[in-house]
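A.B. asks: What shape does this take:
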Amino acid sequence: MIEYIIPCSYLSIIFNPLLRAGKTITFSLSLPIFDGAELCKFSMDRDGPSIHNIISSKAYNKRYNAISSKMRKGYLIDEIPDYGHFKDTFFHSAILTPTGLDVLFNYIEKASLQSVIKGGDVYYIAFDTNVLRDRIYSNYLRRYSDAPNIDFILSATVRSELTNRKGKFNRKMVNQLCEIIGSTGWNLLNQNTLSDRLRYIGFLEYNRIRHETDCDQLSPDTKFSDKDREIIQTYAAFATSGHNRKILLLSRDNEFIRMSPSLPDVIPVIIESRFPDRISRPIRCGYNELFSFIYHLSVIYIEVEIKLMEYRLYKITGVWSGKNVKHWENDFIKVSANKGLPFLKEIGHQLSILQNMKYKKESDRFPKTE
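C.D. replies: The predicted model follows:
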C-alpha cells in the first residue's frame, strides 16, 4: 500500500482520475472492524455526490452484538461504535441538518435588522458542550463570525468538560482490543478512547470559535456540583450584567433547556439531530460534506475502506499512533492506496503541487507522504 497523509478536504484528488469520463460511479464504504460490513454507498455524478444504501439499525446491531458478545473486558465495549455514533456522523458533517436551526436563524435575522448604534440588541450565541461536539459553529454559524449584531460567548466550564479524559490506549489495552477487532486496533496505541476522540472534536470546535471570533470566555462566579447549572448560570449572569444583551443558548439536551432561567434576555434554543426512520431516496450533499462524512467515520471507526464493486481502492485511517496535534486540528487522514491503481503517479503529482502552494502561502510545509 502507498500512504498519503492529507487533510480530508484533499480527498477530491483520489477520486478525480476515476471521474474523468463524466459517468456516474458508485463506491461503497465498509468497516474493517466489523469484518468488512458495508455501511453505505455513495455515488458521484455531474450533480455532485449522493449517499444511499444506508445500513439499517437492525443489520448494524446484528454486527454490533456479535462483536459485543466476544468482549471479555467490559470497558472495551465502549470502544465499539453503536448505531447512534453512525447516525451522528451525518449531522457532524452537515449532510443532514438538525432541527432548531430555523429558530436560531430567525433570531439572527431579527438581530440584523437592528442598529447597535441606535440602541439595538446584540445577540450572543452561547453553547452547551454537546452542541460543540456537533460542530454547529463550523457547519452553520461561521459566516456570522464578523456580523455586527452577532457575537459569541463560551463558558470556561464547557471547556473543562471537553478536556476531561479517560486516558490513552496503552499496549495492554490495544492487545485486548485487537483480539476482537483485529490489527486495526494497533492504530489506537497512544491515542484517545472513542469518547475522548469525540470530546476532542468538541474541544477543537471550542478553540476554533475562540480563534475566529471576538468570543468572550466566561468564568463562573459560583461553582456548582451540577455542571449544567453552572454553565447556565454563567451565561445568565453575563446577560444581566450589561445592557441590550440577548443570549441565544444552544443545546441538544432537553433537560438543559428546561433548566435554563426564565429571563427575557436568555433564549434557549433546542438543537435536535433527528435521523429519519426510513431513507428511501439518495441523500444529496456537497463534496465538502461527503469528505467530512468520510473523515468523521474514520475517526469513529479507526478505519474505513472505499471499494469500487468488490475491489478495494483506498483505506482511510482517521486515527493512528503517530497522529499529532497539528493533524487533529486540520482534520488529517491517512490514505492507503492500492498499489495496483494506474493513476498513483498523478495523485502524487497533484499532492506535491498542493504541498508547494501551502508552503508558499503559509511558510509551513505540508506533512510528507509516507
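
A.B. asks: hmm, who's touching the helix or strand encompassing Leu104?
C.D. replies: Here Leu104, judged by DSSP states H and E, is contained in helix 101-112. For helix 101-112, contacts defined as Cβ atoms under 8 Å, 6 or more residues apart in numbering pick out 120-123, 125, 136, 140, 144, 147, 149-150, 246, 248, 250, 267, 269, 271. All C-beta atoms are positioned from the backbone trio N, CA, C, and that covers glycine.

A.B. asks: Kindly report the same for stretch 212-230.
C.D. replies: Contacts of stretch 212-230 (Cβ under 8 Å, 6+ apart): 128, 142, 145, 151-157, 159-161, 209-210, 231, 233-235, 237-238, 253, 255-256, 259.

A.B. asks: coming back round to it: which among the contacts of helix 101-112 count as buried?
C.D. replies: 120-123, 125, 136, 140, 144, 149-150, 246, 248, 250, 267, 269, 271 (16 or more other Cβ atoms under 10 Å).

A.B. asks: any idea which of those is the one closest to Lys334?
C.D. replies: Ile136 (27.6 Å; Cβ to Cβ).

A.B. asks: And the helices in the protein?
C.D. replies: Using DSSP state H, the helices of the chain run over residues 12-19, 57-68, 83-92, 101-112, 129-133, 136, 156-162, 171-181, 194-212, 227-240, 254-259, 287-301, 325-329, 344-362.

A.B. asks: Dump those helices to CSV, plus distance to Arg312.
C.D. replies: Shown next, in CSV, are the helices of the chain (distance: least, Cβ to Cβ, whole Å):
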stretch, distance to Arg312
helix 12-19, 13
helix 57-68, 19
helix 83-92, 21
helix 101-112, 37
helix 129-133, 31
helix 136, 35
helix 156-162, 36
helix 171-181, 18
helix 194-212, 24
helix 227-240, 45
helix 254-259, 43
helix 287-301, 15
helix 325-329, 24
helix 344-362, 14
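
A.B. asks: quick one, which of these is nearest to Ile25?
C.D. replies: Using Cβ to Cβ, the helices of the chain put helix 12-19 closest to Ile25, at 5.7 Å.

A.B. asks: What residues of the closest one count as buried?
C.D. replies: Going by neighbour count (16+ other Cβ under 10 Å), the buried part of helix 12-19 is 13-15.

A.B. asks: same question, stretch 69-83
C.D. replies: Across stretch 69-83, burial judged by 16+ other Cβ under 10 Å covers 71, 76, 79-81, 83.

A.B. asks: what's next to it, contact-wise?
C.D. replies: 33, 57, 60-61, 64, 67-68, 173, 176-177, 179-181, 188, 193-195, 300-301.

A.B. asks: Quick one: buried ones out of the residues you listed?
C.D. replies: Using 16+ other Cβ under 10 Å, the buried members of the contacts of stretch 69-83 are 33, 60, 64, 67, 173, 176-177, 180-181, 188, 193-194, 300-301.
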